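Novice: here you go, sequence then predicted model.
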Amino acid sequence: MRVVVQKDKNRAHGRVLSRGVVAAVAAASVLAGCGQADPADGSEAHPAPGRQQRLEAPAARALDSYATELRAAHRARVAAARRWGLRRVPLTPPAPPAKKPRITTREGFEVDDHEELGLPPVFTTVPTGRRVVFLTIDDGAEKDPAFLRMMSELKVPYTAFLSDYLVRKDYGYFARMQARGVTLSNHTLHHPYLPGMSYARQKREICGMQDVIERHYGKRPALFRPPFGDYDQATLRAAKACGIKYAPLWDEEVFVDRWEYREWDRDLHPGDIVLSHFRGRRHWKGTMPDMIRRFLNKVTEKGYAVARLEDYL
């Protein structure tokens, strides 16, 4: 039985037009077309004096309103970046892709009969040419309200992979996180080393966490990350049986005081998944906002925006 083990030294735990604007522009265009020639009799019609100007006004007002909204949103991001001590304003990610990329298991991360059994793909990066990265945060040990405020004010998306033995101490904290648009995903009940367990025990760990998230947050996750990034075929078979579709790992890990890299070039790449953990001063030399500051300063300086992982799956 092949076991996939990560080299983890710590072993620790778009922008689119609003519908109202689009509707206004479309309506104005349709109405403006009322003065065109009638193909039935070949006559050429002309709008009454002043008619064209009146029809274009709603579209112009809608576009002016949209521009005002954009300027206000940018000013808010600039103010938030200053307030949280960032060197630059985080870049805005592009709109989600209309056609999702095909996700496959990274070479060398397969288990026996991975494709034949239709097991969830294990991947460290999403295939895209866009200069975006994805932030994922594991376990749930630290529950810092300042972190929630920071991410909301900066409008930075991320995905949380939760373990119940830590989350149960404050389910409400993660409910507030979910209300801000964060997807809550599966990181098992107790964060064990799964390949050392039987299929039945692994399934209890994964399906049990599915039940917890559904009971407290209303939806069974489609994403699962095995603790420590370690798994075997039984892990992925159990995950599939529990309704898991994807098993994302990571290409980089960010701490409060450093970055660690999987690749030899020690750099970011389009579509990379970045890992961090819910940690505070009890666990490392800083806070969650300190970690996010290090993360955002680097990705912004490298010309990357932070996108929502689920938008690409």
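Specialist: Looks like it came in fine. From a predicted model like this one, the values you see are computed outputs, not experimental measurements.
Novice: from now on I want contacts and neighbour counts done on CA atoms only, so please keep to that.
Specialist: Noted.
Novice: which parts of the stretch 51-200 of the chain are strands?
Specialist: Under the criterion DSSP state E, counting those that start in this stretch, the stretch 51-200 of the chain contains strands at 122-123, 132-139, 159-162, 183-186.
Novice: which strands and helices sit next to the first one?
Specialist: This points to strand 122-123. strand 247-248 (3 or more CA pairs under 8 Å, 6 or more residues apart in numbering; DSSP states H and E).
Novice: partner strands of the strand it packs on and their direction?
Specialist: Pairing partners of strand 247-248, with direction, according to DSSP bridges: strand 122-123 (parallel).
Novice: now the partner strand: average pLDDT?
Specialist: Mean pLDDT, strand 122-123: 98.
Novice: rewinding a little: most tightly packed of the strands of the stretch 51-200 of the chain?
Specialist: Among the strands of the stretch 51-200 of the chain, strand 183-186 has the highest mean neighbour count (mean count of other CA atoms under 10 Å), at a mean of 26.
Novice: could you report the neighbour count for the closest residue to residue 134 other than its chain neighbours?
Specialist: Counting by CA to CA, 6 or more residues apart in numbering, residue 273 is the residue found nearest to residue 134 once chain neighbours are left out, at 4.8 Å. Each residue near residue 273 was counted by other CA atoms under 10 Å, and the total is 24.
Novice: dump the strands of the stretch 51-200 of the chain to TSV, plus distance to residue 110.
Specialist: Conversion of those to TSV gives the following (distance: least, CA to CA, whole Å):
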stretch	distance to residue 110
strand 122-123	7
strand 132-139	22
strand 159-162	22
strand 183-186	20
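Novice: so which of the ones you listed is nearest residue 312?
Specialist: Among these, the nearest to residue 312 by CA to CA is strand 132-139 (9.9 Å).
Novice: what mean pLDDT does that closest one have?
Specialist: Per-residue scores along strand 132-139 average to 98.
Novice: cool, stretch 155-171 as well?
Specialist: Rounded mean pLDDT across stretch 155-171 is 98.
Novice: what distance separates that stretch from the middle of the whole chain?
Specialist: Put simply, stretch 155-171 sits 14 Å off its chain's centre (CA atoms, centre = their mean, to the nearest Å).
Novice: may I see the buried residues of that stretch?
Specialist: 155-164, 166-168 (16 or more other CA atoms under 10 Å).
Novice: what residues are up against residue 210?
Specialist: By CA atoms under 8 Å, 6 or more residues apart in numbering, the residues touching residue 210 are 186, 220, 221, 242.
Novice: grab the nearest non-local neighbour of the last one.
Specialist: Counting by CA to CA, 6+ apart, residue 207 is the residue found nearest to residue 242 once chain neighbours are left out, at 5.1 Å.
Novice: just the first one next, same as before
Specialist: Nearest-residue entry for residue 186: residue 224, 4.6 Å, with adjacent residues in sequence omitted and distances by CA to CA, 6+ apart.
Novice: distance check, the one you found against residue 100.
Specialist: Counting by CA to CA, to the nearest Å, the gap from residue 224 to residue 100 is 19 Å.
Novice: those two: which is more packed in?
Specialist: With neighbours defined as other CA under 10 Å, residue 224 and residue 100 compare such that residue 224 has more, 28 against 12.
Novice: quick one: contacts for the residue nearest to residue 186?
Specialist: By CA under 8 Å, 6+ apart, the contact set of residue 224 is 161, 185, 186, 187, 239, 244, 246, 247, 248.
Novice: my guess is the fifth one contacts residue 206, does it?
Specialist: Yes: distance between residue 239 and residue 206: 6.4 Å, which falls inside the contact criterion (CA atoms under 8 Å).
Novice: where does the stretch 1-150 of the chain have low pLDDT?
Specialist: Low-confidence regions of the stretch 1-150 of the chain, defined here as pLDDT under 70, cover residues 1, 7-56.
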